[in-house]
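Student: My questions concern the predicted model and sequence given below.
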Amino acid sequence: MSGRQGTGVMRHLLLLAIAAGLSTSLLSPLSAAREILDATGRRVVVPDRIERIMAAGPNAAVVLYVLAPEKMIGWPSAPRPNEREFLLPAARDLPELGRLTGRGDTANLEIVLKAKPDLIFDFGSVTPTYTSLAERVQEQTGTPDLLVDGRLDQTATSVRLLGDAFGTVERAEAIARYVEETDQLLNARIKAIPQSERHRVYLARQPNGLETGLAGSINTEIIERAGGINVAERTSGRGGIANVSMEQVVAWAPDTIVTWDANFFAQVYSDPVWAAVPAVSAKRVFLAPRLPFGWIDAPPSINRTIGLRWIAALLYPDRFPQDMRQVARTFFKLFYRVEPDDAALDRVLAGAGPGERRR
Amino acid sequence: MKDARVSFLLLAVLVATFALALAIGPFQLHLADVWHALVRIVGAGEGQATSADIVFTRVRLPRVAAAALVGAALAGAGTAYQTLFRNPLVSPDILGVAAGAGLGAVVGILLSLPVIGIQALAFLAGLGTVALVYLIAAALRGHDRTLVLVLSGVVVGALAGACISLVKILADPYDQLPAITFWLLGSLAGAKLNDLAVVAPLVLVGLVPMVLLRWRIGVLSLGDDEARALGVDVARLRPLVIAAATLMTASVVAISGVIGWVGLMIPHIARMLVGPNFDRLLPAAMLLGASFMLIVDALARSLGRVETPLGILTAVLGAPFFLWLLARGRSTWG
């Protein structure tokens, strides 16, 4: 290898280095930039210091609130009055900015840009559709847009990735650990339960209880993860929300019903039709808590971590004897940084706790 | 008599489809179960009701009866509207009853009302929308009455549609939006005895004036001037027919959700069978409509484990059939 060739290589490298330095400084003049590999395989260049983050949808808003409430700039939809007491004062008063996921958007791009976010991110589906939509949002707003996998079994990985991006690594580590510990706890206590002894669960939605989530859908994966069998097995396709007939529910004969609809819960025991369902005659209908975010769904984000514990405990109380209030208190403190008193926790769990079956 | 034979045949078809629909469903019912349930209905049964009893008496029977009622009411209302407007393209939705009922229901869902509240809102909003359309048309004098009425219906219907879209934007995407979508596609999955007890009398109230005034309504199809010449008080008869048909439509839509095609297609088929005279057309269309809905609803609950929305099935079955009718090219109108 001759000397001339060596200096040539050196010169190229030097030029490259200058070009790279120029381009990064042009992209973000105030701070150094770095690359984050998001769940879709896109390399997204984000500023080194991120102070203002926008959650593109409700799923992302929960993650953002948990990981970095001080960096939130708003909510996709503002917290409702009954949710506010379980949220930090600084965060709950933030404005409503709308959704910016690329589908059914309600966010006004000009308002979003006026809020000057350093980063936009979404937490959920990472299909090609959503990938290209995130790409479009990024192009249009000139703001980096991360897309992170929101599936239940990817939670810990996704949380760590976001902690890295947000600059809240320690916080993310604590959350990811809790998620992993919950996972291990469930594995240790549920795996041994044979299929024949597992509870058959029906998820009732809407006041008439005839809307459900099919097995394998994002709306019910938490039931299956907590050791229940979703009676609404899917026949084809990806599954999702479906209407079912009353006789189909009777034919499925679930021994447990989980609902989040207070109207349905209030009348199910007095309805002669539902009396034909074993879960109802056995008084095993449970109202899922919804505060401050849904425990089993709505939105399907990391708020479901507590729902896993809750469902596992109501299905297999012998294996999960812990007081749900205690579990909830720890979870609220770690995830939402609030410490509700007993009365508030009772309200959250009203009509919901295993063993506490109100008529 | 050919007509008598046709009527008898249609009645037989209805009875057969009713029995068939009773036998179809995801819960396996045996004849012994049905007998047991029937014995209990007449009060001779003893002991606790079994699951099969409850399924037959409180789920399957009300649902099948509701399907027949919805089909008959929509087809009857469609026949009345088509005769009134002298136009084969008219359906019960022409004056905005479905759009209005849809708006009422989605607002009810948005407000998280219980089922009965959603149904009541749908019913009242359906009636209210048509009343509004009629008042607007009455206020716009000096134009063709029918034209103004239909145009007001289109305009108010479009407004209601826009409001439905607005509610969809405002609704909770996890909880309310799917419910709104399902409601707007129609379903009888939740039909109950109590619903029938309220809705059947309302349909009857709408039906009685149509039956009593069937000759005069038939005369309306000749045109306002001819009807007047024959001594029919058009100015009073028209709102009465609209009110009656709207009442029938709004009350069934409140329990079934929006179901298209039935009120448009069934009167056509009936007209092919018995001709255009309203007094023969009305019973034929209602019998046919009931049978059609029984079949569609039986499909809706047995095609898969989850319900197929009725609005999808009526369109998928109805649209090709309707095209086939058109392709046959036989003018059966007028």
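Tutor: Nice, thanks for sending it over.

Student: ok, now which ones touch B:Gly311?
Tutor: B:Leu184, B:Leu185, B:Gly186, B:Gly257, B:Val258, B:Ile259, B:Gly260 (CB atoms under 8 Å, 6 or more residues apart in numbering or on different chains). (Glycine included, C-beta is placed from N, CA and C.)

Student: no wait, B:Leu325
Tutor: By CB under 8 Å, 6+ apart, the contact list for B:Leu325 reads B:His268, B:Ile269, B:Met272.

Student: Mind jotting down where the strands sit in the stretch 251-359 of chain A?
Tutor: Assigned by DSSP state E, counting those that start in this stretch, the strands in the stretch 251-359 of chain A fall at A:256-259, A:285-287.

Student: Tabulate those strands (a markdown table), appending mean pLDDT, mean neighbour count and distance to A:Trp295.
Tutor: Output for those, formatted as a markdown table (pLDDT from 0 to 100; neighbours: other CB atoms under 10 Å in any protein chain shown; distance: least, CB to CB, whole Å):
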| stretch | mean pLDDT | mean neighbour count | distance to A:Trp295 |
| --- | --- | --- | --- |
| strand A:256-259 | 95 | 25 | 10 |
| strand A:285-287 | 95 | 23 | 10 |
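
Student: between these, which one is nearest to B:Val64?
Tutor: B:Val64 sits nearest to strand A:256-259 of all those, at 25.5 Å, using CB to CB.

Student: What strands line up against the closest one, and which way round?
Tutor: strand A:200-204 (parallel), strand A:285-287 (parallel) (DSSP bridges).

Student: which of the residues in the longest one are buried?
Tutor: Just to be clear, that refers to strand A:200-204. A:Val201, A:Tyr202, A:Leu203, A:Ala204 (16 or more other CB atoms under 10 Å in any protein chain shown).

Student: Determine which two of these are furthest apart.
Tutor: Checking the buried residues of strand A:200-204 against each other with CB to CB, the farthest-apart pair comes out as A:Val201 and A:Ala204, at 10.0 Å.

Student: so what sits against both of the two?
Tutor: The contact sets of A:Val201 and A:Ala204 overlap at A:Ile257, A:Val258 (CB under 8 Å, 6+ apart).

Student: and B:Ala298, what does it touch?
Tutor: Contacts of B:Ala298 by CB under 8 Å, 6+ apart are B:Leu20, B:Ala21, B:Ile24, B:Gly25, B:Ala67.

Student: What about the fourth one, how many residues nearby?
Tutor: Around B:Gly25 there are 23 other residues, counting by other CB atoms under 10 Å in any protein chain shown.

Student: do the same with the last one
Tutor: When neighbours are counted by other CB under 10 Å, B:Ala67 registers 28.

Student: Name the SS class of it, please.
Tutor: helix (DSSP: H, G, I helix; E, B strand; the rest coil).

Student: Which pLDDT value belongs to the nearest residue to it once chain neighbours are set aside?
Tutor: Distances taken as CB to CB, 6 or more residues apart in numbering or on different chains put B:Asp297 closest to B:Ala67, at 3.9 Å, once the chain neighbours are dropped. pLDDT for B:Asp297: 94.

Student: follow-up on the earlier one: the strands of the stretch 251-359 of chain A: which one's closest to A:Asp164?
Tutor: Among the strands of the stretch 251-359 of chain A, strand A:256-259 comes nearest to A:Asp164, with 34.9 Å by CB to CB.

Student: Output that closest one as CSV, restricted to C-alpha atoms.
Tutor: This file holds the C-alpha atoms of strand A:256-259, laid out as CSV (Å, rounded to 0.1, in the frame of the first residue of the first chain):
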residue,chain,number,x,y,z
THR,A,256,-66.3,-15.4,34.3
ILE,A,257,-67.4,-12.2,32.8
VAL,A,258,-65.2,-9.1,32.8
THR,A,259,-66.7,-5.8,31.8
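
Student: Pull the residues that contact that strand.
Tutor: Residues outside strand A:256-259 that contact it (CB under 8 Å, 6+ apart) are A:199-205, A:209, A:223, A:228, A:265, A:268, A:277, A:279-280, A:284-288, A:296, A:311, A:314-315.

Student: where's that strand relative to the chain centroid, distance-wise?
Tutor: 21 Å (CA atoms, centre = their mean, to the nearest Å).

Student: how near is B:Leu151 to B:Ile255?
Tutor: 30 Å (CB to CB, to the nearest Å).

Student: Can you name the next helix or strand after the helix or strand hosting the residue nearest to B:Ala67?
Tutor: According to DSSP states H and E, B:Asp297 maps onto helix B:278-302. Next along the chain after helix B:278-302, taking DSSP H and E as the criterion, comes helix B:310-328.

Student: Mind listing what's buried along that next one?
Tutor: Those would be B:Leu310, B:Gly311, B:Leu313, B:Thr314, B:Ala315, B:Leu317, B:Gly318, B:Phe322, for helix B:310-328 by 16+ other CB under 10 Å.

Student: again, but for stretch B:187-207
Tutor: For stretch B:187-207, using 16+ other CB under 10 Å, the buried residues are B:187-193, B:195-196, B:199-200, B:202-203, B:206-207.

Student: State the pair within the residues you listed that is farthest apart.
Tutor: B:Ala189 and B:Leu207, at 25.7 Å, using CB to CB across the buried residues of stretch B:187-207.

Student: Is it correct that A:Val201 is in contact with A:Pro254?
Tutor: Yes: with contact defined as CB atoms under 8 Å, A:Val201 reaches A:Pro254; the gap is 5.9 Å.

Student: Pull up the overlap in contacts between those two.
Tutor: A:Val231.

Student: contacting residues for the closest residue to A:Gly163 other than its chain neighbours?
Tutor: In space, and not counting its chain neighbours, A:Gly163 is closest to A:Ala172: 2.2 Å by CB to CB, 6+ apart. Each residue near A:Ala172 by CB under 8 Å, 6+ apart is listed here: A:Leu67, A:Val159, A:Arg160, A:Leu162, A:Gly163, A:Asp164, A:Phe166.

Student: So which residues on the stretch 1-150 of chain B come close to chain A?
Tutor: Residues of the stretch 1-150 of chain B found near chain A (CB under 8 Å from any CB of the partner chain) are B:25-28, B:49, B:51, B:54-55, B:58-60, B:63, B:112-115, B:118.

Student: if you set the cut-off to 7 Å instead, what comes out?
Tutor: Residues of the stretch 1-150 of chain B lying close to chain A (CB under 7 Å from any CB of the partner chain) are B:Gly25, B:Pro26, B:Phe27, B:Ser51, B:Ile54, B:Val55, B:Arg58, B:Val59, B:Arg60, B:Ser112, B:Pro114, B:Val115.

Student: May I have the secondary structure class of the residue nearest to A:Gly163?
Tutor: helix.

Student: Tell me how far it lies from chain B.
Tutor: Using CB to the nearest CB, to the nearest Å, A:Ala172 is found at 25 Å from chain B.

Student: Could I get the pLDDT score of that residue?
Tutor: So A:Ala172 comes in at 96 (pLDDT).

Student: repeat for the one 3 residues further on
Tutor: Note for A:Ile175: predicted pLDDT of 96.

Student: I'd assumed A:Val66 was in contact with it.
Tutor: Yes: between A:Ile175 and A:Val66 there is a contact under CB atoms under 7 Å: 6.1 Å.
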